[in-house]
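[1] Model the following, please.
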Amino acid sequence: MVNLRRAHLLYLVAVLFSVLLALMPARSILAQNNSGNSADINTPIDVAIAGPMVGTSFAVGIQFRTGVHAAIQHLTEGTLLGRPIRITEYNDACSREIAEKLALDLVQSPPAVVIGHSCSATTLVTAPIYTEHGVVQISPASTAPAITEMGISTLFRMIGRDDIQGRLVADRIMTRHAGQKIGLFRFATEYSVSLHQAVTEELARHGIDPTLIVDSTASATSYLDEIMQLMEADIGVLFIVGGGLDSGVIARQSKQIGATYSIIASDTLVSTVFSDTAGEAGDGIPFMFPSDAASLHETDRTRAALAAIRAMGVEPHGFTLLSYAAAEVWLEGVNRAGSTEAEAVAAAIRQAPMLTVLGTISFDGKGDIQTDYPAYSWFTWREGQRVPVD
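    Next up, the predicted model:
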């Protein structure tokens, strides 16, 4: 009787052991799937788009969304590594606090990639969170040098740094406005502070100091007091280091009260928010933006990309192409790596140059984009159209 019971017990143990062995491959498959491999073809690969989807910078968010959706729809059949792609958009309002909370929420169930953020402050605060949780981050718009100085291997950007813009602005001031009094109009934002510093440092290298630096608050309804200060100081050239809406208000009000200084601005003026706000006062104001690479490198690939964007009812302006290229970079990295695991994808992105809508690009060890053409060119608005200027 005892032997029978012992045999029965041994039989149950053997059955249980067999069941556990049978379950082990399934558990292994689930673990592999969570780490980015394609064993479970029903589990979506999540792509997050993060930027200002509402508010004064909403146009940038729309361009992010359009570029990413157009690229993934055009370059895939809705799947990657045999799995469906799921795209979700998140609004950070260009706010450091909102972006940080958003990132902490996102990594509770981490996406494979975040394409964003836009404002430098939001990228600076979110990047450490994403990398800690194994998420690739590609920003189409953040320009502060500090971003790629953090030493994060899974962080990339599709746009040139503020120190590059700073050299170009200083050079334009020195060559086209030599001898004139220089004014700088800045705001208490990461972007404005970073670019202002780049310009003043470059001017200082040539022994030039601004005559007047005006500090103000973003999203004010009027800048007449600051404009009067500039006029009283007899400023001849003004560099505005602010967003498209604020720059538009300053340009419009400057013209309304007869200010005679010339205005130079930065990449934020690429937004139609500026041209709509400034109206005719915005025509002729030079601003920087990445070179029109789709025109410089017109190929079947670029023509198809432009058609994919226009099919969504949007013209390929501003950050749309940079967002499209960000999606291209990530897709190519995943295909090269055969995985969505962040470090593997990041290494694959750096492995060799990539052909994109921006032409052939690569990334340095910090994650800064490298191109065979200038990082920035000068543009202006003319009758509602963005056109290149000398």
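[2] What residues does the residue nearest to the spatial centre of the chain make contact with?
    Nearest to the mean C-alpha position of the chain, by C-alpha atoms, centre = their mean, lies Pro140 at 2.4 Å. Remark: with contacts taken as C-beta atoms under 8 Å, 6 or more residues apart in numbering, Pro140 is in contact with 64, 67, 115-116, 118, 157-159, 319, 322-323, 325-326. Where C-beta positions appear, they are placed from N, C-alpha and C, glycine not excepted.
[3] Tabulate those residues (TSV), appending secondary structure and distance to Gly333.
    Putting these into TSV (DSSP: H, G, I helix; E, B strand; the rest coil; distance: C-beta to C-beta, whole Å) gives the following:
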residue	secondary structure	distance to Gly333
Phe64	helix	19
Gly67	helix	17
Ile115	strand	12
Gly116	coil	17
Ser118	coil	21
Arg157	strand	14
Met158	coil	13
Ile159	coil	18
Phe319	coil	20
Leu322	helix	16
Ser323	helix	16
Ala325	helix	12
Ala326	helix	11
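[4] quick revisit: how close does the residue nearest to the centre of the chain get to Thr123?
    In this view, Pro140 and Thr123 are 10 Å apart by C-beta to C-beta, to the nearest Å.
[5] picking that back up, name the member of the contacts of Pro140 with the shortest distance to Met174.
    Distances from Met174 to the contacts of Pro140, taken as C-beta to C-beta, are shortest for Ile159 (24.2 Å).
[6] got the contact list for the closest one?
    The neighbourhood of Ile159, defined by C-beta under 8 Å, 6+ apart, consists of 139-143, 267, 290, 322, 369, 375.
[7] Can I have the buried ones of those residues as a PyMOL selection?
    What follows is the PyMOL syntax selecting those of the contacts of Ile159 that are buried according to 16 or more other C-beta atoms under 10 Å:
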select buried, resi 139+140+141+142+143+267+290+322+369+375
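[8] Using TSV, please lay out the contacts of Ile159 together with distance to Leu75, secondary structure and pLDDT.
    Written out in TSV, the entries for the contacts of Ile159 read as follows (distance: C-beta to C-beta, whole Å; DSSP: H, G, I helix; E, B strand; the rest coil; pLDDT from 0 to 100):
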residue	distance to Leu75	secondary structure	pLDDT
Ser139	20	strand	98
Pro140	16	coil	97
Ala141	21	coil	95
Ser142	24	coil	96
Thr143	26	coil	94
Asp267	26	helix	90
Pro290	21	coil	91
Leu322	16	helix	96
Ile369	19	strand	98
Ala375	25	coil	92
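[9] Name the nearest of the contacts of Ile159 relative to Ser109.
    Sorting the contacts of Ile159 by distance to Ser109 puts Ser139 at the head of the list, at 21.5 Å, by C-beta to C-beta.
[10] hang on, isn't that closest one packed against Met158?
    Yes - under the contact definition of C-beta atoms under 8 Å, Ser139 touches Met158, with a separation of 7.0 Å.
[11] can you list residues touching both of these two?
    Contact criterion C-beta under 8 Å, 6+ apart; residues shared by Ser139 and Met158: Ala326.
[12] in the stretch 151-300 of the chain, which spans are helices?
    162-176, 190-205, 224-232, 244-256, 272-278, 293-296, 300-310 (DSSP state H, counting those that start in this stretch).
[13] what's the second one in contact with?
    What it means is helix 190-205. Outside helix 190-205, the residues that reach it (C-beta under 8 Å, 6+ apart) are 96, 119-121, 124, 143-146, 162-163, 165-167, 169-171, 173-174, 182, 184, 186, 209-210, 213, 239, 241-242, 266, 268.
[14] and if we set it to 7 Å?
    119-121, 124, 143-145, 162-163, 165-167, 169-170, 184, 186, 209-210, 239, 241-242, 266 (C-beta atoms under 7 Å, 6 or more residues apart in numbering).
[15] same thing with the last one?
    Contacting residues not belonging to helix 300-310 are listed as 66-67, 70, 73-74, 294, 316, 320, 324, 355, 357 [C-beta under 7 Å, 6+ apart].
[16] redo that, cut-off 6 Å
    Identification of contacts with helix 300-310 by C-beta atoms under 6 Å, 6 or more residues apart in numbering yields 70, 74, 294, 316, 320, 324, 357.
[17] hmm, back to that, can you turn the buried part of the contacts of helix 190-205 into a ChimeraX selection?
    Buried residues among the contacts of helix 190-205 (16+ other C-beta under 10 Å), as a ChimeraX selection:
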select :119,120,121,124,143,144,145,162,163,165,166,167,169,170,184,186,210,239,241,242,266
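[18] Report the buried residues of stretch 100-109.
    Of all the residues in stretch 100-109, those buried under the rule 16+ other C-beta under 10 Å are 100, 102-103, 106-107.
[19] Quick one: the helices of the stretch 151-300 of the chain as TSV, columns for mean pLDDT too.
    TSV is the format used below for the helices of the stretch 151-300 of the chain (pLDDT from 0 to 100):
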stretch	mean pLDDT
helix 162-176	95
helix 190-205	93
helix 224-232	98
helix 244-256	96
helix 272-278	91
helix 293-296	68
helix 300-310	90
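[20] can I get these in JSON lines with distance to Pro44?
    Putting these into JSON lines (distance: least, C-beta to C-beta, whole Å) gives the following:
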{"stretch": "helix 162-176", "distance to Pro44": "36"}
{"stretch": "helix 190-205", "distance to Pro44": "33"}
{"stretch": "helix 224-232", "distance to Pro44": "49"}
{"stretch": "helix 244-256", "distance to Pro44": "35"}
{"stretch": "helix 272-278", "distance to Pro44": "33"}
{"stretch": "helix 293-296", "distance to Pro44": "30"}
{"stretch": "helix 300-310", "distance to Pro44": "22"}
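[21] Is the residue nearest to Ala112 when sequence neighbours are not counted in a helix, a strand, or coil?
    If the residues on either side of it in the chain are set aside, Ala112 comes closest to Thr340, at 4.1 Å by C-beta to C-beta, 6 or more residues apart in numbering. Classification of Thr340 by DSSP: H, G, I helix; E, B strand; the rest coil places it in coil.
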